[in-house]
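**Q** Sequence and predicted structure, then a few things I'm wondering about:
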Amino acid sequence: MIGPNKNKQGFTLIETFVAVLILVFAVIAPLGLLARAISDGNFAKNQVIAYFLAQEGIELVINKRDNNIAPSGEGEIDPNSWLNDMAPCSANGCNPTLELEFRACSNTDMEAVDYGGRGNCQLYLTGNEDANTYSVGNFNTDTPSLFSRQVKISDIVGKPGQRLVTSKVIWSEKNKINKTEISTIIQNLLSPPPSAVEVEF
């Protein structure tokens, strides 16, 4: 009796091709997920930086307000001096420096597609690789960052001793403009507090 014919020639061309395809998909799929994770991580990092830069813009306005009303030893303080030197912020917007200079920063500059052409709105990286800081910067020596900032100080109707401060940071990533915006209300600390509203229970 003759047994069944066993073919021991190995893989055929089709089997080899299928095995290679499975191997390729097994390698490419995780690489695609890894690339997406890196991209999402970069976006999250930039979002956090933008939030802190926006917060810094508000803190610089508050710091300038406090400096304006701090006693200098030269007589009485003008109660209307709390917004001194911040006029650019009330007009079209400004970008405050760490030295508390308030440079005009218009909507046109903020919306420039080329982040290197955003004028005073542009934030620059200063320092070395280990300790970079963001600043309005020296246009000739500092490196333009992805980020631009605009701070606006607006009147609040019926509240002359208060102002709305809005700080907006934008950055370009993957041909898309992203924006982070935060606001707060500041008070003239030398003006009388707003009258309390009586509530009956």
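**A** Structure's in. What do you need?
**Q** residues near Leu98, how many?
**A** 13 (other CB atoms under 10 Å). (C-beta placed from N, C-alpha, C; glycine too.)
**Q** Could you report the neighbour count for the closest residue to it other than its chain neighbours?
**A** In space, and not counting its chain neighbours, Leu98 is closest to Ser135: 5.8 Å by CB to CB, 6 or more residues apart in numbering. Residues lying near Ser135 (other CB under 10 Å) number 16.
**Q** where does Ser135 land on pLDDT?
**A** Note for Ser135: predicted pLDDT of 77.
**Q** Next up, the contacts around it.
**A** 97-98, 123-124, 126, 142 (CB atoms under 8 Å, 6 or more residues apart in numbering).
**Q** What is the longest helix along the chain packed up against?
**A** When the chain is parsed with DSSP state H, its longest helix is helix 13-69. Helix 13-69 is packed against strand 94-96, strand 143-155, strand 162-173, strand 176-187, with contacts defined by 3 or more CB pairs under 8 Å, 6 or more residues apart in numbering; DSSP states H and E.
**Q** any idea which helix or strand comes after it?
**A** Using DSSP states H and E, the next helix or strand after helix 13-69 towards the C-terminus is helix 87-90.
**Q** can you pull the buried residues of that following helix?
**A** Buried residues in helix 87-90, counted by 16 or more other CB atoms under 10 Å: 88-89.
**Q** in the protein, what secondary structure element scores lowest on mean pLDDT?
**A** Among the helices and strands of the chain, helix 107-110 carries the lowest confidence by mean pLDDT, DSSP states H and E, at a mean of 69.
**Q** moving C-terminal of it, what's the next helix or strand?
**A** Following helix 107-110 in sequence, per DSSP H and E, is strand 122-126.
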